[in-house]
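> Model the structure of this input:
(one chain, ligands or ions: 2)
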Amino acid sequence: MPLETAASARSGRAYPFAIRPLGDVAGAEITGVDLREPLTPELRDAVMAALEEFHVLCFRDQDLTKEQQFDFTLNFGEIEGHVGRLKSGEQYPVVHTVTNLDEQTGLPTATPSTHGNYFWHTDKSYHDIPSLLTMLHAIQVPPEGGDTLFANMLLAYEALPADEKAALDGLHAIHSWEASRKNTGNRPATEEQKRERPPVRHPVVRTHPDGRKSLYLGMHISHVDGMDYDEGRALLADLLERATADRFVYRHAWRPGDLTLWDNRVLLHRADRNYDMATYPRVLHRTVVKGTRPV
Ligand code: OGA
Ligand code: MN
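Ligands and ions are numbered 1, 2, ... in the order given. So this is what the prediction gives:
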């Protein structure tokens, strides 16, 4: 691990690694760190502080096996299992692969087994206790495109007019795996999956431990609790559209070796189809860390 201390260009906060903002609304790259080495408590805390400041962190030039990614992820909490299934019906392993390679042929395809990631969402909001952060390690990425978009929900909330903030206060949305599959036109949830992941209720405006508020929206939502179904969905669709306007979005252009982690509490994200999916492989290893109940 590097010994020199670098100050964030934005906040002036000191970090024990070189860090550089990647955009105005979120994102920073960290260089000169080898994540195969054990993480000291000091470095772990610095990563969490950087995550609070930048929301998306990209460690460049990493070369981790799945086991090493698993070990690195464990520094940040409990690793989540998945309700998602491969086409074969097999459950995703804990470190699983986000890919456009066909399960049978191993070749790139424009219609991979799931396409849910192309809609704005925050990971596992259909859990009672959703995800704190997600890590993707880029193994193979297209020469151009195949980006991931991140929308800053702290800024999106802040930008709302005061009367709209007041109207959202106290609203709760129902999130579920079943609704998620319907919203995205994916294979419907099975009865077993519905039993495994019953609907949950979360505030539409989340309050961060530091007191800041953010919108908690996305494709896993069914409807607004206690509101007419269609009316609630229309309200959230309109809010989502404004909250994901370009001015709130950081676009991550992947390089092979990137290990990118993001804060699901304050961001929405989605994959962009801006590459020729039937030609170029896009393969990333994914781990998800459990968070706390949204309040
Ligand atoms: C995810 C996800 C987006 C992407 O892994 O949770 O939404 O760009 N991925 O692959
Ligand atoms: Mn996701």
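> out of all of them, which strand in this protein is the longest?
strand 131-140 (DSSP state E).
> Can you show me the CA trace of it as CSV?
The C-alpha trace of strand 131-140 is given here as CSV (Å, rounded to 0.1, in the frame of the first residue of the first chain):
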residue,chain,number,x,y,z
SER,A,131,-27.5,-3.3,0.0
LEU,A,132,-24.9,-0.9,1.3
LEU,A,133,-22.6,-1.2,-1.6
THR,A,134,-21.9,-3.3,-4.7
MET,A,135,-18.5,-4.1,-6.3
LEU,A,136,-18.0,-4.9,-9.9
HIS,A,137,-14.6,-6.0,-11.2
ALA,A,138,-14.1,-5.5,-14.9
ILE,A,139,-12.6,-8.6,-16.4
GLN,A,140,-13.4,-7.9,-20.0
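> Which single residue of this structure ends up nearest ligand 1?
Nearest residue of the chain to ligand 1: Ala271, at 3.1 Å (CB to the nearest ligand atom). (Glycine included, C-beta is placed from N, CA and C.)
> what about that residue, distance to Asn117?
The spacing between Ala271 and Asn117, counted by CB to CB, to the nearest Å, is 4 Å.
> Equivalent analysis for Ser8, please.
The value you get for Ser8 to Asn117, if CB to CB is used, is 30 Å.
> ok, now Lys124?
13 Å.
> For these two, indicate the residue with more neighbours.
Taking other CB atoms under 10 Å, Lys124 and Asn117 do not tie; Lys124 has more neighbours (23 against 18).
> Pretty sure the more buried one sits in a helix.
No: with DSSP: H, G, I helix; E, B strand; the rest coil as the criterion, Lys124 is located in coil rather than a helix.
> My read is that it contacts Val289, right?
No: between Lys124 and Val289 there is no contact under CB atoms under 8 Å: 10.1 Å.
> Overlap in contacts, the two.
Listed as contacting both Lys124 and Val289 by CB atoms under 8 Å, 6 or more residues apart in numbering are 80, 131.
> Now do the phi/psi pair for Phe150.
When read as degrees, to the nearest 10, the backbone of Phe150 gives phi -130, psi 130.
> Same question for the one 3 residues further on.
Backbone dihedrals for Met153, given as degrees, to the nearest 10, come out at phi -80, psi -10.
> Across the sheet, point out what pairs with the closest residue to it other than its chain neighbours.
Counting by CB to CB, 6 or more residues apart in numbering, Met153 lies nearest to Ser214, which is 3.9 Å off, once chain neighbours are set aside. Under DSSP bridges, the beta-bridge partners of Ser214 are Arg206.
> Tell me where the stretch 101-250 of the chain has strands.
Taking DSSP state E, counting those that start in this stretch to define them, one finds strands in the stretch 101-250 of the chain at 131-140, 148-152, 172-175, 200-203, 205-207, 213-215, 221-224, 249-252.
> Give me the pLDDT value at the residue of the chain closest to ligand 1.
Note on Ala271: pLDDT of 97.
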